[in-house]
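1. Pasting the sequence and the predicted model now:
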Amino acid sequence: MSTTTMAIRATDEVKAKFDELASLGNFENKSEFLKRLLTQYELEGKKQQVSVMKPAIEAVEELSSRLLEVLNGTAALLLTREEKQSLDFEEMKTEMQDRIDGLENERVADGERIAVFEAELAESKAEIESLENALKDKEALLKAHKDSADAQGKLDSILTMMQAQAQAQVKPKPTSRKAAPEKKPE
């Protein structure tokens, strides 16, 4: 800090008092004492201002105290609301996880049921194929039987015809009795 010489006009009494007080205070120099006197003067002025402003300061302190109470109450409400929302979120998260787990279990169960249905479907397809083959065999057998029946029918008609021809060829021999002459219609 730079120093500047300052000339002050004072009475001899004031100068003697100044020197006396400066020597009593154990200051390094008179400049430090002067500095201290100025600081004390400022402090005194501020004390007077404080005494004048004390009611206003107390009012501000009261208002700030009330404001802090309101802020603390609001903060408590916000924390309570936030905690409630957090709990609601946790409950919703738990419910959603339960639903997801339930759906996953259903998916697994459905997968098992699908596997069972697919196995049953494969068995049914095999059974249908077996039945279709049996039906084809029966149709072939029926056709063969029908062809056989048709052939039997033809054979029966041929046999009947042959029997008729055989009977026609074999005529009974006339008996010794003579037959009465036939009368001619007149």
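-> Happy to help now that I have it.

2. State the three-state secondary structure for Thr4.
-> In three-state terms, and counting by DSSP: H, G, I helix; E, B strand; the rest coil, Thr4 is coil.

3. For it, give its distance to Leu38.
-> For Thr4, the distance to Leu38 equals 15 Å [CB to CB, to the nearest Å]. For glycine as for every other residue, the C-beta is placed from the backbone atoms N, C-alpha and C.

4. In terms of neighbours, single out the busier of these two.
-> Under the criterion of other CB atoms under 10 Å, the comparison of Thr4 against Leu38 puts Leu38 first, with 10 against 5.

5. Pop out the phi and psi values for the more buried one.
-> Dihedral pair for Leu38: phi -70, psi -40, per degrees, to the nearest 10.

6. measure Arg36 to Glu20 for me?
-> Counting by CB to CB - Arg36 and Glu20 are separated by 15 Å.

7. Which one of these two is surrounded by more residues?
-> Arg36 (14 against 10).

8. Quick check, the more buried one in contact with Ala22.
-> No. With contact defined as CB atoms under 8 Å, Arg36 and Ala22 do not form a contacting pair (9.3 Å).

9. now the helices for this protein?
-> For the chain, the helices defined by DSSP state H occupy 12-24, 30-169.

10. JSON lines for those helices, including mean pLDDT?
-> Output for the helices of the chain, formatted as JSON lines (pLDDT from 0 to 100):
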{"stretch": "helix 12-24", "mean pLDDT": "87"}
{"stretch": "helix 30-169", "mean pLDDT": "87"}
